[in-house]
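Enquirer: Take this sequence and fold it.
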Amino acid sequence: MQTLLQILIECLKRGEALAAVTIVSHEGSTPRTAGSKMLVDQQGALVAGSVGGGLLEAAALKAAPKVLKSGVPELMDFDLSGELAAGADMICGGKLKVFVEAVLPNQLELFQKLDEKMRCDEDMLLVTALNGGHSGQRRLLYPQEKEIPSTPEMQTVLRAARGALAAFTVQSGDVLYFVEPWQLPPHMILCGGGHVSQATATVAAGAGFTVTVLDDRAEFASAKRFPGVPDCRCIPDFKNCFEGIRLNGRAYVVILTRGHVHDANVLEQTLDAGRKGHIAKYIGMIGSVRKRDEIYTALRNKGFSDSELARVHCPVGLPIGAETPGEIAVSIVAECIAHRRAKNSEKA
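Expert: From the prediction side, this is the model:
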């Protein structure tokens, strides 16, 4: 989403109007879900993004230039059965609502503000009216109530948005609003550059995480070993390993070093950071129950409480019987996704 935002801003800076095509709701089996978005130019050519391909996307591409010419947004309904499903080369059977709207150069300031807030590590809500006299009108809201919206309608939107990770619609008065949570992606910090980390980096990137790799050996924390990972750091002896890294509600610390001592060292630093207000969303550590108990005993002797240790997922990953690095990687990322979506209630 942030890459798409950058593309949008650059086009608006050049004075180019674009159509934004967004899935605002979906039911049943669909190729893409609410919040999926694409940008289309005045000739009906795809600029960036996707809403699922096939005849669905073709219909949206055809509608985009009309909306840009008229300035009137369009809410389109799709039933993904029969011809549409065949055109997408899949059997879906679901239903979609797709909103097509014009984004004009005079709206550049709003999207620049959205980009600025995200660069400052702030989540935002982009709220668009889908009908009524102000159809297509947008505004930004803070999801954490940093400011109280001036209208009852926006207060309703804000209440409905609490805890939301995906886009949704909400009725307030006579107007249906489309609410898009714009958030920086979750950040997975892999402490250790071994085979499991290699596999986990690949799976995590595919699941939408940004990845950082830390190791005390330069050859194990290199772009050559982790192609596609933009942030690989060599941290001698894993001392001060989180220096310059934000541990916050987006951070998923996964401890996979090559030895018991380093694992304990990194875990201690993670928990100590939490005492100072730098609290990671998730902490996981590889290892057996015996290894875990030994490390926990040592940390208790250093003053760490059972409640602090209870936050650690160890052995890391969902219990799916994983053995190979690839299988372990899947179990780790799956547990992180479950934790993020608040569905892993037992360990969350």
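Enquirer: what is the closest residue to residue 231 other than its chain neighbours paired to in the beta sheet?
Expert: Distances taken as CB to CB, 6 or more residues apart in numbering place residue 212 nearest to residue 231, at 4.3 Å, with adjacent residues excluded. From N, CA and C alone the C-beta is placed, and that goes for glycine too. As for beta bridges, residue 212 partners with residue 189, residue 231 under DSSP bridges.
Enquirer: got a list of what residue 212 touches?
Expert: 187-190, 229, 231-233, 245 (CB atoms under 8 Å, 6 or more residues apart in numbering).
Enquirer: Identify, from the residues you listed, the entry nearest to residue 178.
Expert: Of all the contacts of residue 212, residue 178 sits closest to residue 187, with 27.3 Å by CB to CB.
Enquirer: thinking again about what came up before, from the contacts of residue 212, which is closest to residue 103?
Expert: Of the contacts of residue 212, the one sitting nearest to residue 103 (CB to CB) turns out to be residue 187, at 28.7 Å.
Enquirer: For the closest one, which residues are in contact?
Expert: Neighbouring residues of residue 187 by CB under 8 Å, 6+ apart: 209-212, 246, 250-252.
Enquirer: picking that back up, any chance of JSON lines for the contacts of residue 212, columns distance to residue 300?
Expert: Shown next, in JSON lines, are these (distance: CB to CB, whole Å):
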{"residue": "187", "distance to residue 300": "29"}
{"residue": "188", "distance to residue 300": "27"}
{"residue": "189", "distance to residue 300": "24"}
{"residue": "190", "distance to residue 300": "26"}
{"residue": "229", "distance to residue 300": "34"}
{"residue": "231", "distance to residue 300": "33"}
{"residue": "232", "distance to residue 300": "33"}
{"residue": "233", "distance to residue 300": "30"}
{"residue": "245", "distance to residue 300": "26"}
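Enquirer: Closest one of those to residue 306?
Expert: residue 189 (24.1 Å).
Enquirer: how close does the closest one sit to residue 161?
Expert: Going from residue 189 to residue 161 by CB to CB, to the nearest Å gives 28 Å.
Enquirer: And for residue 174?
Expert: According to CB to CB, residue 174 stands 20 Å off from residue 161.
Enquirer: if you count what's nearby, which of those two comes out ahead?
Expert: residue 161 (18 against 9; other CB atoms under 10 Å).
Enquirer: Thought residue 181 was touching that one, still the case?
Expert: Yes: taking CB atoms under 8 Å as the definition, residue 161 is a contact partner of residue 181 at 6.9 Å.
Enquirer: Identify the contacts common to those two.
Expert: With CB under 8 Å, 6+ apart, residue 161 and residue 181 have common neighbours 125, 143.
Enquirer: where along the stretch 201-348 of the chain do the strands fall?
Expert: 210-215, 231-234, 251-255, 282-285, 312-313 (DSSP state E, counting those that start in this stretch).
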